[in-house]
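>>> could you work out the structure for the sequence below:
(4 chains)
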2 protein chains.
Amino acid sequence: MNASEPRGRKPRADVQRNRAVLLETAQRHFLRHGVGTSLEAVAKEAGVGPATLYRHFPTREALLAAVLQTRSEELVAHQAKIEQLGHSAEALEQWLRAMESYFSAYSGLPEPLMAAARAQKPDSPLTIPCDILIAATDRYVEAAQRAGHVRASVRGYDLFLAACSIAWIKGNDTEEESLDRLRSLIASGYLERDMQA
Amino acid sequence: MNASEPRGRKPRADVQRNRAVLLETAQRHFLRHGVGTSLEAVAKEAGVGPATLYRHFPTREALLAAVLQTRSEELVAHQAKIEQLGHSAEALEQWLRAMESYFSAYSGLPEPLMAAARAQKPDSPLTIPCDILIAATDRYVEAAQRAGHVRASVRGYDLFLAACSIAWIKGNDTEEESLDRLRSLIASGYLERDMQA
DNA sequence: ACCTGAACACCGTTCAAGT
DNA sequence: ACCTGAACACCGTTCAAGT
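Residues are numbered from 1 along each chain as shown, chains lettered A, B, ... in the order given. Here you go, the predicted model:
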């Protein structure tokens, strides 16, 4: 119950517009300059004072979480495709790739996501998307384990961490070939022996 | 051939002292506040002007590389111990752990090391220590491969990347248990099947 | 040859004043 | 209720002036 919330009533038109412009501008700046981009520059290009940005998004992470919303929906859409795949081990692999892309959206994104995943910081706005991803990974892992394709010792959280790491490495301009070798090394780690190439 | 170098002559006493104090102060600040610590604060606590720090260490990475020198020597010492181990697969594992500790020395250290490892930035002062570590990892990997303990597809660079990632994850306060699971997942990835527990 | 401290530019964050 | 722009604190980096 927040007293400053006008319960149920529509926000003023300029407020809605400011929020939309800030989000769009922020996304562009995150894309070009990474998650550490200057918030002052974002506000200026959005045509608002810095304090307006802070009112809408009290922390950098709050802004980041809001911007990621769109991308999260794409991920969910991708899940629908994966589900029709049938083969649970391939589904898991595709899911890991999809997460990796998600983590690679903006340079420097893996860092705050990782920090939010282990909920030491009580409630970062990024904790929610992370928890959703981890839960989804758990489902894929468990399905593949029931089919006998993935070792029993593996947990979804492990592969979430692995995907995040790969995205982090990718962010530092490593060549795709090294990434592929690392990916297949990890796959050899979680697949049952008889599933390995 | 640098004209400003007084070839062969000893540097002035105050220069030597400044350098030593800067290194010691910087190490303390890196330890407490991570590699992103304020260089201004380092200079102030070392009792010199900011420009003096910049003269000695033109970039943050140069300062970092100089501070890491000491730690590198500890690593080499550890290598001597490992060499007496006999078992090449265990030697490799211990070496990976030693690198991991090295990467975890200061919070935020994996990031610049990773950037330097892939020599896109022509010559970061961190490229040299990285190349040394990669070469050493290659030797351990090849020895273990000759003994039939490690898969032929694995390269030292892959495991260097993996160790760096683990250190990065560790830096974000993940619990030790998750790290252990990830470590053993990676081990299952590089060990030959008959070597796995 | 080296050092000092002032100077400049930039950024995050907050606050008094407006509408 | 929301916005604005000034203000404050902090930092990286450079430069003129000193010794």
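>>> break chain A down into its domains, please.
Residue ranges for each domain of chain A read A:1-58, A:71-195, as given by automatic domain parsing.
>>> nearest to B:Ala105, out of the ones you listed?
domain A:71-195 (18.2 Å; CB to CB). C-beta coordinates here come from the backbone N, C-alpha and C atoms, glycine included.
>>> would you map the helices across chain A?
A:13-33, A:39-46, A:50-56, A:60-83, A:88-103, A:110-117, A:127-146, A:156-171, A:176-190 (DSSP state H).
>>> and chain A, which of its residues are near DNA strand D?
Within chain A, the positions near DNA strand D by CB under 7 Å from any atom of the strand are A:4, A:6, A:11-12, A:14-15, A:18, A:47-52, A:55-56.
>>> just the buried residues of those.
A:18, A:48, A:52, A:56 (16 or more other CB atoms under 10 Å in any protein chain shown).
>>> for the last one, give me its contacts.
Translated: A:His56. Neighbouring residues of A:His56 by CB atoms under 8 Å, 6 or more residues apart in numbering or on different chains: A:18-19, A:22, A:63.
>>> same question, the second one
Shown in contact with A:Val48 (CB under 8 Å, 6+ apart): A:18, A:21-22.
>>> quick revisit: make JSON lines out of the contacts of A:His56 and add distance to chain B.
Shown next, in JSON lines, are those (distance: CB to the nearest CB, whole Å):
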{"residue": "A:Asn18", "distance to chain B": "32"}
{"residue": "A:Arg19", "distance to chain B": "30"}
{"residue": "A:Leu22", "distance to chain B": "27"}
{"residue": "A:Leu63", "distance to chain B": "20"}
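>>> residue ranges in chain A under the pLDDT threshold?
A:1-11, A:119-122, A:197 (pLDDT under 70).
>>> rerun at 90
A:1-15, A:70-74, A:76-78, A:80, A:83-86, A:117-124, A:128, A:172-175, A:193-197 (pLDDT under 90).
>>> contact residues of it facing DNA strand C?
A:37-41, A:49-51, A:54, A:59-60.
>>> in contact with A:Glu83, which residues?
By CB under 8 Å, 6+ apart, the neighbours of A:Glu83 are A:Ala91.
>>> A:Leu191 pairs with what?
Bridge pairing for A:Leu191 (DSSP bridges) gives the partners A:Val150.
>>> give the contact list for it.
Contacts of A:Leu191 by CB under 8 Å, 6+ apart are A:89, A:149-151.
>>> looking at those residues, which one is closest to chain B?
Proximity of those to chain B (CB to the nearest CB) peaks at A:Arg151, which lies at 7.6 Å.
>>> touching, the closest one and A:Glu192? I think so.
Yes - proximity of A:Arg151 to A:Glu192 meets the contact threshold set by CB atoms under 8 Å, at 5.9 Å.
>>> of all of chain A, which residue lies closest to DNA strand C?
Residue nearest to DNA strand C within chain A (CB to the nearest atom of the strand): A:Ala51, separated by 2.9 Å.
>>> so how far is A:Gly171 from that residue?
31 Å (CB to CB, to the nearest Å).
>>> swap in A:Ala77?
Applying CB to CB to A:Ala77 and A:Gly171 gives a distance of 24 Å.
>>> same deal with A:Tyr54?
Relative to A:Gly171, and taking CB to CB, A:Tyr54 is found at 27 Å.
>>> if you count surrounding residues, which of the two has more?
Neighbours were counted for A:Tyr54 and for A:Gly171 using other CB atoms under 10 Å in any protein chain shown; A:Gly171 has more, 20 against 14.
>>> not counting its neighbours along the chain, what's nearest that one?
A:Ser107 (5.3 Å; CB to CB, 6 or more residues apart in numbering or on different chains).
>>> list the contacts of that neighbour.
A:33-35, A:171.
>>> same thing with A:Lys170?
So A:Lys170 contacts A:100, A:104, A:179 (CB under 8 Å, 6+ apart).
>>> ok, now A:Tyr190?
A:150-151, A:154, A:158-159, B:185, B:188.
>>> number of nearby residues for the residue nearest to it when sequence neighbours are not counted?
Of all residues not flanking A:Tyr190 in the chain, A:Val154 sits nearest, at 4.7 Å (CB to CB, 6+ apart). The number of residues packed near A:Val154 is 23, by other CB under 10 Å.
>>> surely A:Val154 and A:Asp138 touch.
No - under the criterion of CB under 8 Å, A:Val154 is not in contact with A:Asp138, lying 10.3 Å apart.
>>> re earlier: check the buried ones among the residues of chain A next to DNA strand D and tell me the two furthest apart.
So, these by CB to CB: farthest apart are A:Val48 and A:His56, at 8.8 Å.
>>> now A:Arg32: how far from DNA strand D?
Separation of A:Arg32 from DNA strand D (CB to the nearest atom of the strand, to the nearest Å): 20 Å.
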